[in-house]
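> Task: produce atomic coordinates for the following.
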Amino acid sequence: MKTKATKTLEKLKHIYDLMFAYFGPRNWWPGETRFEIIVGAILTQSVAWRNVSKAIENLRAAGILTLEAMYKAPIEEIEKHIVPTLYWRMKAKKLRAFVNHIMDNYHGDLDKFLQKDKEELRRELLSLYGIGPETADSIILYAAEQPVFVVDAYTRRIFHRLGFFEESVSYDEMQQFFMKHIPPDVRYYNEYHALIVGIGNRFCSNKKPDCGNCPIQSVCRFKQRNKVENEG
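Okay, here's the model as predicted:
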């Protein structure tokens with residue numbers, strides 16, 4: 001007889017398989033270097049990735065998309081290149097705070113910082129200006145390549161509609177749920193989060209979800225409830 005945990009894992013794997021069959025590999029997180037991945041994780045707060053991509057290309061063209069170059073660059077120089085990401089003054093301060101931390105405490109050795117124990121690394125990241133749980137976990141998973149499940153607003157919306165969570169569920173509660181039921185695996189966690197973002201971007205919008213074309217509609221309570229209400 002299957003345990004509740006086994007059934008939950010099977011459901012989560014089935015959802016993954018449905019998403020993967022539609023999207024295929026998402027190749028996340030885009031970035032040529034670990035530092036570029038971290039820059040992207042900080043800049044993507046509250047903005048679409050296409051805007052982040054523009055900002056990263058601006059930084060690259062200006063020659064300040066390395067730890068050392070950004071450390072030496074005037075903050076005004078950083079600001080003007082990341083304007084597409086919105087809140088650019090605040091985000092420039094966040095980038096500078098991270099860069100200063102690595103240069104001042106690790107002599108610019110980013111690999112040494114990222115090789116720290118996962119829990120210790122998370123605590124240290126959260127102590128830095130402008131880095132919250134989602135950004136910290138993105139850095140740990142995508143740059144440090146350590147297994148932590150990244151959750152976000154899309155995760156809350158989608159899995160509430162699927163019937164897994166209350167809408168008021170906290171970040172930590174969501175993360176603990178996934179990490180309790182899915183064995184730690186960097187590549188799987190990476191792809192799962194990327195697929196969730198794909199569903200959120202493409203289909204599961206807040207006000208007008210495209211349930212009819214969604215790859216996971218067959219397991220979605222929200223879709224089924226809407227169908228009953230519309231037929232009624």
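> per-domain residue ranges of this structure.
Domain segmentation of the chain under automatic domain parsing yields 4-26+150-225, 34-143.
> Can you lay out the ones you listed as JSON lines showing mean pLDDT and mean neighbour count?
Where you see a C-beta, it was placed from the backbone N, CA and C, and this is true even at glycine. Formatted as JSON lines, these follow (pLDDT from 0 to 100; neighbours: other CB atoms under 10 Å):
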{"stretch": "domain 4-26+150-225", "mean pLDDT": "95", "mean neighbour count": "16"}
{"stretch": "domain 34-143", "mean pLDDT": "97", "mean neighbour count": "18"}
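> Identify the residues contacting the closest residue to residue 89 other than its chain neighbours.
Spatial nearest neighbour of residue 89, excluding adjacent residues (CB to CB, 6 or more residues apart in numbering): residue 79 at 5.7 Å. Neighbouring residues of residue 79 by CB atoms under 8 Å, 6 or more residues apart in numbering: 88-89, 92.
> Can you flag which of those belong to helices?
88-89, 92 (DSSP state H).
> doesn't residue 142 make contact with residue 29?
Yes. Between residue 29 and residue 142 a contact is recorded at 3.8 Å, counting by CB atoms under 8 Å.
> what residues are shared contacts of these two?
With contacts defined as CB under 8 Å, 6+ apart, the residues shared by residue 29 and residue 142 are 37, 41, 190.
> between those, which is nearest residue 128?
Distance to residue 128 across the shared contacts of residue 29 and residue 142 (CB to CB) is lowest for residue 41, with 12.1 Å.
> Show the contacting residues for that closest one.
Counting by CB under 8 Å, 6+ apart, residue 41 touches 29, 135, 138-139, 142-143.
> what do you get if the cut-off is 10 Å, keeping everything else the same?
Neighbour list for residue 41: 29, 31, 52, 98, 125, 131, 134-143, 150 [criterion: CB atoms under 10 Å, 6 or more residues apart in numbering].
> Check residue 138 too.
28-29, 37-38, 40-42, 44-45, 125, 131, 148, 150, 152, 193.
> Let me have the shared contacts of residue 29 and residue 142 in JSON lines, adding distance to residue 211 as columns.
Shown next, in JSON lines, are the shared contacts of residue 29 and residue 142 (distance: CB to CB, whole Å):
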{"residue": "37", "distance to residue 211": "33"}
{"residue": "41", "distance to residue 211": "30"}
{"residue": "190", "distance to residue 211": "27"}
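> Kindly indicate which of these lies nearest residue 57.
Distance to residue 57, by CB to CB, is smallest for residue 37 among those, at 14.9 Å.
> Now for the closest one: which residues touch it?
So residue 37 contacts 28-31, 138-139, 141-145 (CB under 10 Å, 6+ apart).
> about what we covered before: so the residue nearest to residue 89, which state does it fall into?
Per DSSP: H, G, I helix; E, B strand; the rest coil, the secondary structure class of residue 79 is helix.
> Could you pick out which of the contacts of residue 138 are located in helices?
Using DSSP H, those in helices are 37-38, 40-42, 125, 193.
> now do the same end-to-end measure for stretch 137-146.
End-to-end distance for stretch 137-146: 9 Å, by CA to CA, to the nearest Å.
> how far is that stretch from where the chain is centred?
Computed by CA atoms, centre = their mean, to the nearest Å, the chain-centroid distance of stretch 137-146 equals 10 Å.
> for stretch 178-191, same thing?
On CA atoms, centre = their mean, the centre of stretch 178-191 falls 13 Å from that of its chain.
> Just the terminal-to-terminal distance for that stretch.
Start-to-end, stretch 178-191 (CA to CA) is 13 Å.
> go on, stretch 17-35?
End-to-end distance of stretch 17-35 (CA to CA): 31 Å.
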